[in-house]
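Novice: pasting the structure only:
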């Protein structure tokens, strides 16, 4: 009889977009399957990890190991993309990961690595561990990632050179304007690194993806029947952070303000933990919100004109009326009754879960997208980088839960008049009611998938069973020896 708990290890890349879903997966393994869980974090800021642990109902559910910081300054140019920096940080952290795993008792039976952690598979093989990829995004993104490295170079060139759609068998094609940054320049180091990741992923024992059957049935069917026929795909989503009581108390004034607003009357505006706008675009957003005459909560960061993913700056000095100097003069004073401007960070899960919130102007990171869906909140999509343009297209054109600007925000300035119109479309017009009705259907679908007996619950149970069988095999091998 098995008396030892099954022990699994999870590996998270730097960034909230990877850390949050990995923590949620660890929580699910610990609570749903009673596993022993160790989470390895490659993080540049330990306070980020600690802030997320406060959201957990029991911070002692699993063991968190922060791998020592690595210095990659001599390996890359200072202006290297954030994705390349993450890839190199993960690579340089492999020796520390190997050393840490060797000290764990009992030894984990499986390693779950996120998108940028596939090079750790060599370590899993050394310790005879099962190895899984955990894609914190959707199945369409997964299909593109797996498919692109396998196609003829001529077809790759059709996409990045002639800007033709990437035709994924059985799936929605990826238009060039929506494509991943990694697919746009074969001379860029990121291109080769991403091809490597796609090829390494298919060597796993399975791929977990943060979606669910009813959200992407066609894409999941294509993955299973086509390019990954021999590789099990497990849709286990939505994995989203839950509301934390500590954040509730720390932001009581914000939530009290929400309590005083009518139902579904507030637009929440946030561009994620890494998103930034240009100075001119910040001004247009401000005027668009003001002209809409709708209630709002806006999480603001200082603008950056040349980096849509640069958010490592503090809010600057305010003007004489308290308005940050990158917003129009008097903005806060004129909108004191209609809106709140929150510097740097806000308790997003609590805000989206509040009854007074009726829309979300979002960068379309997958974490934020899922948090909006599970709370039944329609979106205004404003993609900035990574797979966000693909997400935006899925939300607006396939799922029918979002509106989008006529211009791509990263290519052209979205004017205040259009922002005003989109806010009113979501909160006031009949179109917003239809979007809200559709997203609430997806909310119920997500809840059904995650509860006991649901498709995502069962998919994770299948993975857990494989891990348990691996432990039983290991124990039998030891006893036989």
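Specialist: Good, I have the coordinates. Because the structure is predicted, anything quoted here is derived from the model rather than measured.

Novice: from here on, contacts and neighbour counts on C-alpha atoms
Specialist: Noted.

Novice: and for residue 296, the neighbour number?
Specialist: Applying other CA atoms under 10 Å, we find 26 residues neighbouring residue 296.

Novice: SS state for it?
Specialist: Here residue 296 is recorded as strand under DSSP: H, G, I helix; E, B strand; the rest coil.

Novice: contacts only, for it.
Specialist: 266-269, 289, 338-340 (CA atoms under 8 Å, 6 or more residues apart in numbering).

Novice: try 7 Å
Specialist: 266-268, 338-340 (CA atoms under 7 Å, 6 or more residues apart in numbering).

Novice: now intersect those residues with the helices, please.
Specialist: With DSSP state H as the criterion, helices contain none of the contacts of residue 296.

Novice: dump the residues you listed into JSON lines; add pLDDT and distance to residue 470 as well.
Specialist: Below are the contacts of residue 296 laid out as JSON lines (pLDDT from 0 to 100; distance: CA to CA, whole Å):
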{"residue": "266", "pLDDT": "98", "distance to residue 470": "50"}
{"residue": "267", "pLDDT": "98", "distance to residue 470": "48"}
{"residue": "268", "pLDDT": "98", "distance to residue 470": "46"}
{"residue": "338", "pLDDT": "96", "distance to residue 470": "57"}
{"residue": "339", "pLDDT": "95", "distance to residue 470": "54"}
{"residue": "340", "pLDDT": "96", "distance to residue 470": "52"}
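
Novice: how about these, which pair is most distant?
Specialist: Using CA to CA, the contacts of residue 296 span at most 12.3 Å, a distance reached by 268 and 338.

Novice: and the pLDDT at residue 245?
Specialist: With respect to pLDDT, residue 245 has a value of 45.

Novice: out of residue 268 and residue 338, which sits in the more crowded spot?
Specialist: residue 268 (24 against 16).

Novice: who does the more buried one bridge with?
Specialist: residue 297, residue 360 (DSSP bridges).

Novice: tell me if I'm right that it and residue 298 touch.
Specialist: Yes. With contact defined as CA atoms under 7 Å, residue 268 reaches residue 298; the gap is 6.1 Å.

Novice: let's have the contacts of residue 296 in JSON lines, adding distance to residue 94.
Specialist: JSON lines is the format used below for these (distance: CA to CA, whole Å):
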{"residue": "266", "distance to residue 94": "45"}
{"residue": "267", "distance to residue 94": "43"}
{"residue": "268", "distance to residue 94": "39"}
{"residue": "338", "distance to residue 94": "50"}
{"residue": "339", "distance to residue 94": "46"}
{"residue": "340", "distance to residue 94": "44"}
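
Novice: all the strands of the stretch 351-481 of the chain, residue numbers only.
Specialist: 357-362, 379-381, 402-403 (DSSP state E, counting those that start in this stretch).

Novice: describe which strands the last one pairs with in its sheet and in which direction.
Specialist: Right, the one you point to is strand 402-403. Counting by DSSP bridges, strand 402-403 is paired with strand 379-381 (parallel).

Novice: now residue 61: closest residue in space that isn't a chain neighbour?
Specialist: Nearest residue to residue 61, sequence neighbours excluded (CA to CA, 6 or more residues apart in numbering): residue 30, at 6.3 Å.

Novice: can you report how many residues lie near that neighbour?
Specialist: Neighbour count of residue 30, defined by other CA under 10 Å: 18.

Novice: double-check it against residue 60; I have them as touching.
Specialist: No. Between residue 30 and residue 60 there is no contact under CA under 7 Å: 10.1 Å.

Novice: output the lowest mean pLDDT helix or strand found in this protein.
Specialist: When the helices and strands of the chain are scored by mean pLDDT, DSSP states H and E, helix 245-250 comes last with a mean of 52.
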